[in-house]
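Peer 1: Return atomic coordinates for the entry below.
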Amino acid sequence: MSPKPKHIDYKKELNSAQLEAVMFDDGPLLVIAGAGSGKTRTLTYRVARLVEAGVPPAAILLLTFTRKASAEMLTRACRLLDDRCGKVSGGTFHSFANAILRRYAAECGFGSGFSIMDRADAESLIGMVKKELGFSAKKRAFPRNQTLANIFSRGVNKGLSVDEVVFNDYPHFASAADDLTTLFNLYSERKLQLNFLDYDDLLVYLYRLLRDRSDIRQNLSATYRYIMVDEYQDTNHLQAEILYHLADRNHNVMAVGDDSQSIYAFRGANFKNIIDFPRIFPGTTIIGLEENYRSVQPILSLTNAVIDRAAEKYEKKLFTRRKGGTRPCLVDTVSENNQSRYVVDKIQEIAVTGVPLNQIAVLFRASFHSFDLEIELSREQMPYVKVGGFKFMESAHIKDLLAHMRVVQNPYDRINWYRLLLLLEKIGPKSAHDIYEAVSAEHAGTAGILTAVSGRKRPVGLERLAELYAAIDARPMSVAEMGETVLAYYLPILKRKYDDHPKRQKDLEQLLTIMIRYDELEDFLSDMALEPPSASVEGYLSTDGSDDDRLVLSTIHSAKGLEWHTVFIIWAVDGRFPSVRALDNTAELEEELRLMYVAATRARDNLFITYPSQVFDRGAGLYFGRPSRFVDRLPQEVIESSSVSPW
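Peer 2: Just a heads-up that it's a prediction; the model follows:
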């Protein structure tokens, strides 16, 4: 006897907006799901509802941005209804593309099938093509294989030419733009000849298949009668085109997303996809999910006020049934170190009330914004994990610069001598060992570098190194002056070693601002040597329920989709957040506004926004002091402004 089929009480389980979206039948549907409004729940229940209504599971396609997301939704749908939901086609755009292209490999020109290259394979092939063209031997600056792969991928995902990517994002390689286009074209030819597809090609070839073969397009469109897409604001132009062609016959497309959380343009996400959805699919029904299940109302009132400043958006007002809560705070900390001390002290106050450290997060726009805070946390022995970017003492360019200063303090520091010598061209491990031994035998400190190797032919780089230490020995220098002198010497090395040297230079300039606080080199280097209490986490934070009680430091991009009891947003000052670069670019400024919105909506109970009002930015040559335009001059009823005295 078969088990009695379940019946889901949708009215009981869903709020009115969620219910409307779940019960929607045919036609295009756009669900604007505000932060914390239960979009995953809505998608899960709609899968179950369609299956319960008799739609064959194989006729439903659920596209998400991770396999884990689709698997979890379908597992939940099975628990809600029955195992039929497990037969729904679910996965990422790329996994779906792979399955379809395997089915139609011959029609795509791959008669014997194709192989998918991972990133390492793609970089290796790029290197082979680069060598074939003779670009590896070029004397002028030329991108490394990893950077070339990034440039090519960005162009494909954003629908831009190689030239456009270079001039927009890698202007220091502008002189090589023509060669890069030549390299990209030959790389594309070699992939075809070898029956290789890289990750981005999966989307390219699926799009071409759907565009050029009406018979295949009609067949697939008839197969997948109902299509649902999660995080639609993060789709790129190719994914939007693929969706358009897949819905060619039925137009039963449900796109779920939040225009206010579109923050991944640097990865190719196209904000216009979600804005233009009703135009692309005429007759679209728009449903807004505005009830928030995460935050207290004072935080939501602030986020509503922030996103109201967006020039282009879908109107929505987040609200909650949660009671209580206090207004978010905007705090002028005057200086960067004052900001760090304020955050540390406030965290200690909150922790005493019983809030675990892992329920507190400090968010920032760029990785280097947390450098000074990391020093204070280490001094207070407060455990933390950093998410996105890198821990500042673990980055190679920071270590490089500090190595030059450490040998001033200790001229017989073998480890740091080796590090700085190996940075020089034509010096390998054996030469570095011989030079160090000779310097050590001279017993003349850094001044011994020239006399120690006077009897041999010296590499040009060694002459420059000797000149650096001669300049440092010539007169007493403050810690910051020494740092500036070393940075001036190191910049040519930085530019030779790293394709992303403009970004790394910004990190080093931030380190100089930290040096200003120190009177003694020994004190500065001692603080820099404090062992970080935890390893950094690359890219994203695990939410596997770990009980490791560590404060979270995170870039805002890595914090999307997560939440904490208390959130601090630091460096909310014009010129840093938004960045100087964004101030003259309307599209970038709008995306950074959305970034502030995403950061603020991570907080459940407490939100603190801090900014140092007296900061000199060396790179821009400007003083920054105005609070971020995204939170400046908001009504008193949504934000409480205050300032703190210097420690």
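Peer 1: what's the longest strand in the chain?
Peer 2: In the chain, taking DSSP state E as the definition, the longest strand is strand 603-611.
Peer 1: With just CA atoms, put it into PDB.
Peer 2: The C-alpha coordinates for strand 603-611 follow below in PDB (Å, rounded to 0.1, in the frame of the first residue of the first chain):
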ATOM      1  CA  ALA A 603      23.400  42.900  11.300                       C
ATOM      2  CA  ARG A 604      20.600  41.400  13.400                       C
ATOM      3  CA  ASP A 605      20.700  43.500  16.600                       C
ATOM      4  CA  ASN A 606      23.500  46.100  16.700                       C
ATOM      5  CA  LEU A 607      25.100  48.100  13.900                       C
ATOM      6  CA  PHE A 608      28.100  50.500  14.300                       C
ATOM      7  CA  ILE A 609      29.500  52.500  11.400                       C
ATOM      8  CA  THR A 610      32.800  54.200  12.000                       C
ATOM      9  CA  TYR A 611      35.000  56.700  10.200                       C
END
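Peer 1: And it, how far out from the chain middle?
Peer 2: Relative to its chain's centre, strand 603-611 lies at 21 Å (CA atoms, centre = their mean, to the nearest Å).
Peer 1: Give me the mean pLDDT for it.
Peer 2: Mean pLDDT, strand 603-611: 97.
Peer 1: next one: stretch 478-487
Peer 2: 92.
Peer 1: what separates the spatially most central residue of the chain from residue 595, distance-wise?
Peer 2: When CA atoms, centre = their mean is applied to the chain, the residue found nearest the centroid is residue 557 (4.5 Å). Here residue 557 is placed at a distance of 8 Å from residue 595 (CB to CB, to the nearest Å). Heads up, the C-betas are built off the backbone N, CA and C, glycines and all.
Peer 1: Give me the common contacts of the two.
Peer 2: By the contact definition CB atoms under 8 Å, 6 or more residues apart in numbering, residue 557 and residue 595 are jointly contacted by residue 263.
Peer 1: Does residue 183 touch residue 135 like I think?
Peer 2: Yes - taking contacts as CB atoms under 8 Å, residue 183 lies within contact range of residue 135: 6.5 Å.
Peer 1: For residue 187, grab the count of nearby residues.
Peer 2: The local packing of residue 187 (other CB atoms under 10 Å) involves 21 other residues.
Peer 1: er, residue 443 actually
Peer 2: Neighbour number of residue 443 under other CB under 10 Å is 9.
Peer 1: And the helix or strand where the residue nearest to the centre of the chain lies, what's buried?
Peer 2: Using DSSP states H and E, residue 557 maps to helix 556-559. Within helix 556-559, the residues that count as buried by 16 or more other CB atoms under 10 Å are 556-559.
Peer 1: helices or strands next to it in the packing?
Peer 2: strand 360-364, helix 586-600 (3 or more CB pairs under 8 Å, 6 or more residues apart in numbering; DSSP states H and E).
Peer 1: okay, the ones you listed, which one's buried deepest?
Peer 2: A comparison of the helices and strands packed on helix 556-559 by mean neighbour count, using mean count of other CB atoms under 10 Å, puts strand 360-364 on top with a mean of 26.
Peer 1: tell me the angle of that strand relative to helix 586-600?
Peer 2: For strand 360-364 against helix 586-600, the angle by axes from the mean of the first three to the mean of the last three CA atoms, to 10 degrees is 170 degrees.
Peer 1: Which residues does strand 360-364 contact?
Peer 2: 343, 347, 350-351, 370, 373, 551-556, 559, 562, 564-571, 577, 599, 602.
Peer 1: Relative to the whole chain's centre, how far out is the helix or strand that comes right after that strand?
Peer 2: Downstream of strand 360-364, the next assigned helix or strand under DSSP H and E is helix 371-379. Chain-centre distance of helix 371-379: 22 Å, with CA atoms, centre = their mean.
Peer 1: Over to stretch 556-569?
Peer 2: 13 Å.
Peer 1: before we move on, what about stretch 583-595?
Peer 2: Centroid separation between stretch 583-595 and its chain, computed with CA atoms, centre = their mean, is 16 Å.
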